Structures are given as structure tokens and as C-alpha cells.
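Student: Take a look and give me a structure for this.
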Amino acid sequence: MNEYISDEDIKWYGIEEADRRLFNITFRPEWTINRERDVYLRLVGSGREEFANHKRFALYWEGKLILIRLDQQTGRSSAGCSVHYELLGIELATDLASSRPQVLMDLKEALTTYAGGGVNARSQNATSFGF
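Tutor: Numbers count the residues shown, from 1 in each chain. Modelled structure (predicted):
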């Protein structure tokens, strides 16, 4: 589900501390969360100008924060909107290396729910992956 993060969850997951560490700022964050599996995805950065399609995401998985860089391309057609992601990089801890296939599967599921815009997504976009 896409939602703004509640004050209770900000404290529980240490969101403010992570934001200070990653950006040196804090703001009212949003996420895509699967509460049953305790997995969340947050957009934490975006490129500028010719790199505006380069996005940085934080994936909370198995109690660890994984930083991921993606190229996000969006499109429109008579069939609707689409989003395509290419993996540019992933900072996966060595103890999670054997879990990479599951991490990527959960990442794809979260990005499909994120629909290219999280709480601001207007509809469920067709999502495809190049990884």
C-alpha cells in the first residue's frame, strides 16, 4: 500500500535517523509498505536535468536498509500509462548476497505497487523491468 508514514512508524523504523544519515534533512515521508512481510520501499533521491529519470530508493528488507539506484522511464499510450525500471546499482550487504533473487522479486512487487508515483500515482500503471 502507498501511504504517508505515520508518526508511530517514523519512530518504529527510525525514519528520521535514516533521513538524517542519507540526506542530512528530515521531511514528511511516504512509502510503499507490505506490513505482512515487514518490507517497505521509499524514494530517497532523484537526479536532475538529463539524469532526472535516475532514482534512488531505500528498500527495508529483513531488518536491513538496502540502497538501490534505478532508471525510471514513464510513457503514455492509448492503452494507458507505463513505467519501466532498469537496475543501475544495488548496495546489498554480503550477508544478504544469497537472498538477492528474493530481494529483487520483493523490489519488483513494491515498484509495481508504487506505480511510478507512490501516494501521488493517479492509477495503477503497467510496470516492466529490465532486471
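
Student: ok, how many other residues are close to Ile15?
Tutor: Around Ile15 there are 21 other residues, counting by other Cβ atoms under 10 Å. Where C-beta positions appear, they are placed from N, C-alpha and C, glycine not excepted.

Student: Pull the contacting residues for it.
Tutor: Ile5, Asp9, Pro29 (Cβ atoms under 8 Å, 6 or more residues apart in numbering).

Student: what do you get for Val39?
Tutor: Ile33, Leu59, Tyr60, Trp61, Asp106, Ala110.

Student: do you know how far the third one is from Arg42?
Tutor: In this view, Tyr60 and Arg42 are 8 Å apart by Cβ to Cβ, to the nearest Å.

Student: now swap in the second one and tell me
Tutor: When Cβ to Cβ is the yardstick, Leu59 and Arg42 sit 8 Å from each other.
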